[in-house]
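**Q** Okay, structure incoming, though there's no sequence with it:
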């Protein structure tokens, strides 16, 4: 069984109650659930820290579990949700779907699920990457970049462009190297997810504020699937306005 879990917190500095925001007549969390249900997932569950989100999801026919409000990361919330579901022994893959990406494409989820079809060759962790297409993307610290080895496993994630091209000025970097950015969609084997929640914050994670560096430092392999489809996370009021415009345009 493949289980899709969607962490959804009510608290947000810039957008309180973000999962309940109205986007074209439907809440953001309802749109995320709708997209996830079109992927190759056997079950989709929202993991939330707030009764209002829980009731809302149940009201539109979704499935949700209530988790503690004090988790330091979405990964911890995810694992508590899995435990509250009874840690189903038939689940061989857990997909972590961001609750603030109402336009996530089912094909992006399916690309990660495909890695886990054969349990003998399933990776520890899988995630999604996308080619960088503009200088704005390349130099934005809000869009983490990633470099891979020949097995399509992550070597390092950074908010800085990687690699640094010593022989070319930064304005020419995109012309001389194919850069990849990281999209925050993950899949794990359940036993690995349990182990990840026991790891202490690492030095690289603290420096870059990227949780996946903790996993690399601990020796876990992160296999990456590439997509040409973009991601559209909603973090600011401007993002909300853009999402509503996109929906209005059809």
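**A** Thanks, I have it. All of these numbers come straight from a predicted model, not from anything done at the bench.
**Q** Once you drop chain neighbours, what's closest to residue 47?
**A** Spatially, and ignoring its direct neighbours in sequence, residue 47 is nearest to residue 81 (3.5 Å; CB to CB, 6 or more residues apart in numbering). The C-beta positions use only the backbone N, C-alpha and C, and glycine is treated the same way.
**Q** so when I look at residue 156, I'm seeing a strand, right?
**A** Yes. Under DSSP: H, G, I helix; E, B strand; the rest coil, residue 156 falls within a strand.
**Q** Distance-wise, check the nearest residue to it once chain neighbours are set aside relative to residue 184.
**A** Of all residues not flanking residue 156 in the chain, residue 147 sits nearest, at 5.6 Å (CB to CB, 6+ apart). Using CB to CB, to the nearest Å, residue 147 is found at 17 Å from residue 184.
**Q** And the two? Which one has more around it.
**A** Using other CB atoms under 10 Å as the criterion, residue 147 and residue 184 rank with residue 184 on top: 18 against 14.
**Q** quick one, phi/psi of that one?
**A** Taking degrees, to the nearest 10, you get phi -80, psi 60 for the backbone angles of residue 184.
**Q** That one touches residue 233, doesn't it?
**A** Yes. At 7.5 Å, residue 184 and residue 233 qualify as touching, with contact defined as CB atoms under 8 Å.
**Q** what do the two both touch?
**A** Common contact partners of residue 184 and residue 233 (CB atoms under 8 Å, 6 or more residues apart in numbering): residue 98.
**Q** Now do the strands for the protein: every range, in order, please.
**A** 2-8, 22-23, 26-27, 43-48, 63-66, 93-96, 125-131, 145-148, 154-158, 180-188, 222-226 (DSSP state E).
**Q** my read: residue 49 touches residue 64, true?
**A** No. When contacts are counted by CB under 8 Å, residue 49 is not listed as touching residue 64 (11.0 Å).
**Q** Could you give the backbone dihedrals for the residue of the chain most remote from its centre?
**A** Largest separation from the mean C-alpha position in the chain: residue 167, at 34.1 Å (CA atoms, centre = their mean). Per-residue torsions, residue 167: phi -90, psi 0 (degrees, to the nearest 10).
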